[in-house]
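Peer 1: predicted structure and sequence below. I'll ask about it afterward.
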Amino acid sequence: MPSPPNAPWVSHGLIDASVTVTGYRESSLDAPDLAQRALAELWAEFGVVGVRDVGSSVTANLRQRELSRGSSEQTPGPSSRPGPEPHGTHVHHTGLVLVEGTPLGDGDVVLSDTALDAALGIATAFDPDAPTLMFKTESAACLAYWAGQARKRHPNARISARGAAAVDVAVSAGLHVVDSFPWLAVARLGASGPSTSAHTLTPVEVLQAWARADERAIAARVASLAEHNVALTSEFLALRRSVFIKEALTAAHLDRIEAILPHVRHVADMRRAGGYLSGRRSLSKFAGIEQPKSQQLAEAEVGWQKMLAAAAHAVDAGLRLLPASRSPLLTSCPGYSLLEELAVLVHAGIPAETVFDLAGSEAAEVLSLPLSTAPVLTADSAPTDPSQILRLRATDSRITAGL
């Protein structure tokens, strides 16, 4: 509900619909929970009260839950930490990621009956009534089959999936959340033949697909997804920064994430005079990030603009688009990158009030995550443009971790 005229603007916190909580250590002497402590601090500072953890290990997720507790979640007794932050950050876990191909992430396991039973067992421990499962497959038929097997085991399972195949069968397989909106341009969209696999495309090729996309076909798919209440995550800025590398060098607060991703120092090297080439080689070696050719970038920019326009139309058509940063990345600071994602959505033409609803009450409903009972973000008036959104900070960013 909008605030009365001239009343201060208040938000009860933001929810990031796609993060990971697994960093990496360069030394065995580093504390095992170094990354999770840094994440807890950053989320608290930028008003993030809930996150959907996609693909982290169960160990990292449990550690993050403990470090991100708010005062209302503190367990009485000697283990309680002093001075907890008032709202905390609730961490929703999608569980093990069931993959068709080679496992790439810490939480990935190859699809099989045994893996599905194990994933469902872990998910049920987190939520006995509506366990969450996450799939990544290159084949729509494979995804549809295993989603059906999951529902036979637990009829109330909430199923998420990533990639073009997920878009193809989102409605027929009864998916809860699809990661993410950019794959709409890659999916089959009713044409004959199999989908182009999202896993075989580079980020620049995804944006090139948008430049060539049939806008009417995408609008029709969006209408179907909205009608069947399938939510899609956004992940727009993460995609853009993985394509436009020079632009990504200007990202803010990257010095804050070295405790999570030490290789971010190579981005800092690229910022210094004469350091671009050596830094680019380091990014290619350590993070697999390559600079596309100028012709590719030109087409990608066209695709970017078409994608943002499609997103605005999709939200207007009733699609539940959940703002998602996919942080931490080498060019995305957790917490702040969610504010950047909101700014991108406003730039795309989605009203700021709607954007905050998508990152607040809508995300809370879809992901079954609570917002804070107390104000978390405040301003003299409602932020309506990207620059105002980027200046938001939590009213009280005291954190549990490290105290």
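Peer 2: Arrived safely.
Peer 1: show me the strands in the stretch 301-403 of the chain, by range?
Peer 2: 320-322, 377-379 (DSSP state E, counting those that start in this stretch).
Peer 1: ok, the stretch 101-250 of the chain next?
Peer 2: Assigned by DSSP E, counting those that start in this stretch, the stretch 101-250 of the chain shows strands spanning 108-110, 132-136, 158-162, 177-179, 231-233.
Peer 1: right, and those - which one's nearest W43?
Peer 2: Nearest of the strands of the stretch 101-250 of the chain to W43, taken as C-beta to C-beta: strand 231-233 at 17.3 Å. From N, CA and C alone the C-beta is placed, and that goes for glycine too.
Peer 1: so what secondary structure elements neighbour that closest one?
Peer 2: In terms of contacts (3 or more C-beta pairs under 8 Å, 6 or more residues apart in numbering; DSSP states H and E), strand 231-233 is packed against strand 177-179, strand 320-322.
Peer 1: mind listing what it pairs with, with the direction of each?
Peer 2: strand 177-179 (parallel), strand 320-322 (parallel) (DSSP bridges).
Peer 1: okay, the strands of the stretch 301-403 of the chain in a markdown table with mean pLDDT next?
Peer 2: Shown next, in a markdown table, are these (pLDDT from 0 to 100):
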| stretch | mean pLDDT |
| --- | --- |
| strand 320-322 | 98 |
| strand 377-379 | 94 |
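Peer 1: most packed of the ones you listed?
Peer 2: With neighbours taken as mean count of other C-beta atoms under 10 Å, the strands of the stretch 301-403 of the chain reach their highest mean count in strand 320-322, at a mean of 25.
Peer 1: next one: it to chain centre, how far?
Peer 2: Mean-position distance between strand 320-322 and its chain equals 11 Å (C-alpha atoms, centre = their mean, to the nearest Å).
Peer 1: D168 is nearest to which of the strands of the stretch 301-403 of the chain?
Peer 2: Among the strands of the stretch 301-403 of the chain, strand 320-322 comes nearest to D168, with 18.7 Å by C-beta to C-beta.
Peer 1: contacts for that closest one, please.
Peer 2: By C-beta atoms under 8 Å, 6 or more residues apart in numbering, the list of residues contacting strand 320-322 from outside reads 15, 17-18, 52, 177, 181, 226, 229-234, 311, 314-315, 345, 358-359, 362-363, 366-367.
Peer 1: in this protein, where is pLDDT below threshold?
Peer 2: Within the chain, the segments meeting pLDDT under 70 span 1-6, 25-27, 70-87, 189-199, 266, 268-289, 396-403.
Peer 1: for T132, find the nearest of the strands paired with strand 231-233.
Peer 2: Here strand 177-179 is closest among those (C-beta to C-beta), at 8.8 Å.
Peer 1: which residues touch the closest residue to S68 other than its chain neighbours?
Peer 2: Leaving aside its sequence neighbours, S68 sits nearest to T89 (C-beta to C-beta, 6 or more residues apart in numbering; 4.1 Å). By C-beta under 8 Å, 6+ apart, the contact set of T89 is A40, W43, A44, V48, V49, G50, V51, S68, G70.
Peer 1: again, only using 10 Å
Peer 2: Applying C-beta atoms under 10 Å, 6 or more residues apart in numbering, we find T89 in contact with 13-16, 19, 39-40, 42-44, 47-51, 64-65, 67-70, 73, 335, 369, 372, 399-400.
Peer 1: V264 too?
Peer 2: 251, 254-258, 283, 287, 328-333.
Peer 1: I'd guessed H263 sits against L254; true?
Peer 2: No. If you go by C-beta atoms under 10 Å, H263 and L254 don't touch, sitting 11.0 Å apart.
Peer 1: need the residues touching each of those two.
Peer 2: Taking C-beta under 10 Å, 6+ apart as the contact rule, H263 and L254 both touch L330.
Peer 1: can you redo the strands of the stretch 101-250 of the chain as a markdown table with mean neighbour count and distance to L390?
Peer 2: Listed next are the strands of the stretch 101-250 of the chain as a markdown table, based on neighbours: other C-beta atoms under 10 Å; distance: least, C-beta to C-beta, whole Å:
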| stretch | mean neighbour count | distance to L390 |
| --- | --- | --- |
| strand 108-110 | 16 | 33 |
| strand 132-136 | 26 | 30 |
| strand 158-162 | 25 | 28 |
| strand 177-179 | 28 | 24 |
| strand 231-233 | 27 | 21 |
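Peer 1: how about these, which one is nearest G121?
Peer 2: Here strand 132-136 is closest among the strands of the stretch 101-250 of the chain (C-beta to C-beta), at 11.0 Å.
Peer 1: now for the closest one, which elements pack on it?
Peer 2: Packing contacts for strand 132-136, counted by 3 or more C-beta pairs under 10 Å, 6 or more residues apart in numbering; DSSP states H and E, involve strand 48-53, strand 90-93, strand 97-99, helix 113-126, helix 140-153, strand 158-162, helix 164-169, strand 177-179.
Peer 1: what residues does the last one touch?
Peer 2: When contacts are defined by C-beta under 10 Å, 6+ apart, strand 177-179 is touched by residues 17-18, 52, 54-55, 94, 132, 134, 136, 158-170, 184, 187, 198, 225, 230-235, 320, 322, 324, 326, 366-367.
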